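> model this:
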Amino acid sequence: MPIPPLTTCENFNVLNNRLLRIVLKKSIKTHNNDLYESYFTLHLQLLHQFNILLFMHNYVYHRNKLPVVFSTYFEENKVIRKYNTRQKNDFHIDSIKSEIGKRSIKYKDSKLWNDLPAELKEIQSFKYKL
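Got it, this is the predicted structure:
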């Protein structure tokens, strides 16, 4: 069975790990977490998720700092549904069937924010608490 080709994101991860090893002069056996801890940063995927959550925090608490195009980009469930539910303060997620649709900003950002615990959603200085 042939090995499937790496995706673009996996290629970036591999290249980033190699680059960190070269800069830090570490052996190939050094664990990736040690490399990222040396630079006080996150893996690319976690860094991507962190920036998405920062964006969503700004959308919820500082919407005036975002470009105007995002002022009404996301909808809360309480606007769509007329009855009370436990998820009334979460963002509405449209039914998506394709994998490409699940990569959209509207889907991914809403899903990540909705999956956060309530106590994290209420933090005002979000960037420094995560």
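
> State the distance from residue 34 to residue 120.
Going from residue 34 to residue 120 by Cβ to Cβ, to the nearest Å gives 27 Å. Yep, even glycine has a C-beta here, placed from its N, CA and C like the rest.

> Tell me where the model's unsure across this protein.
With pLDDT under 70 as the threshold, the chain has low-confidence stretches at 1-6, 126-130.

> what's near enough to touch residue 58?
Residues in contact with residue 58, defined by Cβ atoms under 8 Å, 6 or more residues apart in numbering, are 65, 66.

> Got phi/psi on it?
Summarising the backbone geometry of residue 58 under the convention degrees, to the nearest 10, its torsions are phi -60, psi -40.

> cool, residue 76 as well?
Torsion angles, degrees, to the nearest 10, at residue 76: phi -80, psi 150.

> Can you tell me the centre-most residue of this protein?
The C-alpha lying nearest the average C-alpha coordinate of the chain belongs to residue 49 (Cα atoms, centre = their mean; 2.0 Å).

> give me the beta-bridge partners of residue 76?
residue 91 (DSSP bridges).

> tell me which residues in stretch 36-53 are buried?
Of the residues in stretch 36-53, those scored as buried under the neighbour-count criterion (16 or more other Cβ atoms under 10 Å) are 36, 44, 49, 52, 53.

> quick one: the first one from residue 16, how far?
In this structure, residue 36 and residue 16 are 9 Å apart, going by Cβ to Cβ.

> what about stretch 70-88, how long is it end to end?
Across its full length, stretch 70-88 reaches 20 Å between end residues, using Cα to Cα, to the nearest Å.

> Quick check: buried residues in that stretch?
In stretch 70-88, residues buried by neighbour count (16+ other Cβ under 10 Å) are 74, 77.

> Where do the domain boundaries of this structure fall?
Residue ranges for each domain of the chain read 8-38, 44-129, as given by automatic domain parsing.
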